[in-house]
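1. sharing a model that was predicted from the sequence below.
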Amino acid sequence: MAEKIVTDKASVTAPSTSGNVIAKYLPVYFALLAIAGLEIFLAYRNFSILTLMVILLVLAICGAALAVMYFMHLAQERPSLFLSLIPATIFVLFMMNAIWTDSFRLLHMKPFAH
Amino acid sequence: MSESQVAVHGHGAMMEASPYAIPSRKLTMWLFIISDAVTFGACLMAYGYLRTASTDWPTPFKFYPSILNVIIMTFVLITSSLTMLGAVDAAKLGDKAKTTRFMWSTIFLGALFAGLHLREWLGLIGEGVRPFHNPWGSPLFGATFFSITGLHLLHVVSGVIALFVIWRGYTRGTLTAGHVETTGLYWHFVDLVWMFVVPMVYLLSIQR
């Protein structure tokens, strides 16, 4: 377990290992490379654009979660930091998502086509 | 704020303990990252809707050179995140020589990524792609491509400069391991954004 140290000069998450951090995070590194490889493989399969976009986004979110939790050490911080940052970010992104659907008007070049 | 939550350091001002047990520097970086994530999120969502709503969206990315270039760039950037982890760990242990090796590896990989990115841009510009014009279809392709990848490239170049400044300050003793860690957070975020840029911008527009 990492121990939090807070001083006025420097505050760091004290490492539990002594300089062997590369080996510790190699599984995450290879997982991220594997996700990137899988994305490229799937991009050459015959999916519709919308299906492909959803699949690639899900994979990208998995990769991003690994990076945030392990490379950025959010998993080692207090849960309050995670709860303050991540749900709010997801909420804002979903709310923005609500307005972008307007761009589908491009398909018909007129609003509210039925 | 109750008295029990107040820490007094000598004659210094009374300080409220951090609710997250992290210094304000690190919390500020997290808040910056969140705001930047929302910016990139907005750009990529807009791109995603335009891409799926446009019937004449160009698909110019051949496996060679574009997708191969992207594979190398992805490998370089993810590897640079690993070297950055090494730099942060070495800085926490106070090993300046090791920190220097890892930070310069990260700087080199970041610069290599920027170089590969510019090569990709020059290739597309050579094929006639401009911000508001391209030979293949929707003129929005160039605008969205250059703005999203350009914003990311700006982050990479800024990160490389920040890494150099922090390395210099750390080795001279004016900056601490905490500064290296905070810069590392930013660098990992740049890596994270690329994980979304690749599928959205490149893989949805491959030439079959």
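-> On my side now, so go ahead.
2. B:Phe40 sits in which helix or strand?
-> Per DSSP states H and E, B:Phe40 falls inside helix B:24-53.
3. just B:Ser18 next, same as before
-> B:Ser18 is part of no helix or strand when elements are defined by DSSP H and E.
4. mind listing what's buried in the helix or strand just after the helix holding B:Phe40?
-> For helix B:24-53, the following helix or strand on the C-terminal side (DSSP H and E) is helix B:68-92. Judged by neighbour count (16 or more other CB atoms under 10 Å in any protein chain shown), helix B:68-92 contains these buried residues: B:69-71, B:73-92. C-betas here are computed from N, CA, C, even on glycine.
5. and these near chain A, which?
-> Contacts with chain A within the buried residues of helix B:68-92, as defined by CB under 8 Å from any CB of the partner chain: B:70-71, B:74-75, B:78-79, B:81-82, B:85-86, B:88-90, B:92.
6. against which helices or strands is the helix holding B:Phe40 packed?
-> Applying 3 or more CB pairs under 8 Å, 6 or more residues apart in numbering or on different chains; DSSP states H and E, one finds that helix B:24-53 makes contact with helix A:49-66, helix A:79-100, helix B:140-172, helix B:177-197.
7. okay, those, which one's buried deepest?
-> For the helices and strands packed on helix B:24-53, ranked by mean neighbour count under the definition mean count of other CB atoms under 10 Å in any protein chain shown, the leader is helix B:177-197 at a mean of 24.
8. specify the local secondary structure of the nearest residue to B:Gly169 once chain neighbours are set aside.
-> Excluding its sequence neighbours, the residue lying closest to B:Gly169 (CB to CB, 6 or more residues apart in numbering or on different chains) is B:Leu175, at 3.3 Å. Under DSSP: H, G, I helix; E, B strand; the rest coil, B:Leu175 falls in the coil class.
9. what's the neighbour count on B:Leu175?
-> Residues lying near B:Leu175 (other CB atoms under 10 Å in any protein chain shown) number 19.
10. so what touches stretch B:30-50?
-> Here stretch B:30-50 makes contact (CB atoms under 8 Å, 6 or more residues apart in numbering or on different chains) with A:53, A:57, A:81, A:85, A:88-89, A:92-93, A:96-97, A:100-101, A:103-104, A:106, B:22, B:57, B:138, B:140, B:144, B:147-148, B:151-152, B:155, B:185-186, B:189, B:193, B:196-197, B:200-201, B:204.
11. on that earlier part again, ranking the helices and strands packed on helix B:24-53 by mean pLDDT, which is last?
-> Lowest mean pLDDT within the helices and strands packed on helix B:24-53: helix A:79-100, at a mean of 90.
12. helices or strands up against that helix?
-> For helix A:79-100, the elements it packs on are helix B:24-53, judged by 3+ CB pairs under 8 Å, 6+ apart.
13. quick one: the helix it packs on to helix B:177-197, angle?
-> Orientation of helix B:24-53 against helix B:177-197 (axes from the mean of the first three to the mean of the last three CA atoms, to 10 degrees) gives an angle of 10 degrees.
14. gap between helix B:24-53 and the chain center?
-> Relative to the centre of its chain, helix B:24-53 is centred 11 Å away, using CA atoms, centre = their mean, to the nearest Å.
15. got the angle between that helix and helix B:140-172?
-> Using the same axes, to 10 degrees: helix B:24-53 against helix B:140-172 is 160 degrees.
16. what sits closest to A:Phe47 if chain neighbours are left out?
-> Take A:Phe47 and drop its neighbours on the chain: the residue closest to it by CB to CB, 6+ apart is A:Ile55, 6.8 Å away.
17. that neighbour contacts A:Ile49, correct?
-> No: A:Ile55 is beyond contact range of A:Ile49, at 10.9 Å (criterion: CB atoms under 8 Å).
18. okay, the residue nearest to B:Gly169 and A:Gly63: tell me how far apart.
-> Going from B:Leu175 to A:Gly63 by CB to CB, to the nearest Å gives 30 Å.
19. please apply the same query to B:Ala21.
-> Relative to A:Gly63, B:Ala21 is positioned 27 Å away (CB to CB).
20. count of residues packed around the closest residue to A:Cys62 other than its chain neighbours?
-> Using CB to CB, 6+ apart and skipping the chain neighbours, the partner closest in space to A:Cys62 is A:Ile35 (6.2 Å). Residues lying near A:Ile35 (other CB under 10 Å) number 19.
21. cool, and A:Thr101?
-> A:Thr101: 11 neighbours (other CB under 10 Å).
22. contact partners for it?
-> Taking CB under 8 Å, 6+ apart as the test, what A:Thr101 contacts is B:Tyr49.
23. also B:Val180?
-> Counting by CB under 8 Å, 6+ apart, B:Val180 has contacts B:87-88, B:91, B:99, B:103, B:166-167, B:170.
24. repeat that for 10 Å
-> Applying CB atoms under 10 Å, 6 or more residues apart in numbering or on different chains, we find B:Val180 in contact with A:10, A:12, B:84, B:87-92, B:99, B:102-103, B:163, B:166-167, B:169-170.
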